[in-house]
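A.B. asks: how would this look folded up:
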Amino acid sequence: LEKHGLTNSFNFIHSDHSLFGKHLLIKKICKKYKIKTKEISLYIGDEDRDVGAARKIGIPVMAVTWGYNSAVLLKKKRPNYLVNYPNEVLKVLALQNQLED
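C.D. replies: From the prediction side, this is the model:
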């Protein structure tokens with residue numbers, strides 16, 4: 001994110017690893033930052049488990065193809081957004097902001 005100048009586009013960034021129950025990890029993070037899941041505009045992940053976890057708790061999800069899983073696998077999980085390049089993240093965030101207004 002720093003390399004592509006994207007860090008200022010987010011309220012916070014949290015990275016963690018959890019092999020099981022990623023949706024529980026998201027809930028734990030929400031509790032830590034005092035955020036209700038319905039207040040989350042977008043969850044961004046690079047694994048099929050990220051897409052599944054976000055869907056499980058009703059959060060819109062963007063999958064990025066330059067991470068852990070392939071674009072083919074991520075697409076099968078049907079994220080709200082699938083992006084191939086970091087500059088596309090900003091375009092989706094702008095679209096999300098328009099939808100929220």
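A.B. asks: who's the residue nearest the centre of the chain bridged to?
C.D. replies: The structure's the chain has its C-alpha centroid closest to Ile44; by C-alpha atoms, centre = their mean the separation is 1.5 Å. Counting by DSSP bridges, Ile44 forms beta bridges with Met62.
A.B. asks: so where do the helices sit in this structure?
C.D. replies: 22-33, 48-56, 71-76, 86-100 (DSSP state H).
A.B. asks: dump those helices to CSV, plus mean pLDDT and mean neighbour count.
C.D. replies: Quick note: C-beta positions are derived from backbone N, CA and C, even for glycine. Conversion of those to CSV gives the following (pLDDT from 0 to 100; neighbours: other C-beta atoms under 10 Å):
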stretch, mean pLDDT, mean neighbour count
helix 22-33, 88, 15
helix 48-56, 93, 20
helix 71-76, 96, 15
helix 86-100, 82, 13
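A.B. asks: make a markdown table out of those helices and add distance to Phe12.
C.D. replies: Converted to a markdown table, the helices of the chain look like this (distance: least, C-beta to C-beta, whole Å):
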| stretch | distance to Phe12 |
| --- | --- |
| helix 22-33 | 6 |
| helix 48-56 | 16 |
| helix 71-76 | 23 |
| helix 86-100 | 14 |
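A.B. asks: so which of those is nearest Met62?
C.D. replies: helix 86-100 (5.7 Å; C-beta to C-beta).
A.B. asks: same for that closest one, what does it pack against?
C.D. replies: strand 61-64, strand 81-83 (3 or more C-beta pairs under 8 Å, 6 or more residues apart in numbering; DSSP states H and E).
A.B. asks: run through who's touching it.
C.D. replies: The contact list for helix 86-100, computed with C-beta atoms under 8 Å, 6 or more residues apart in numbering, reads 1, 3-4, 6, 9, 41-42, 44, 60, 62, 64, 66, 81, 83.
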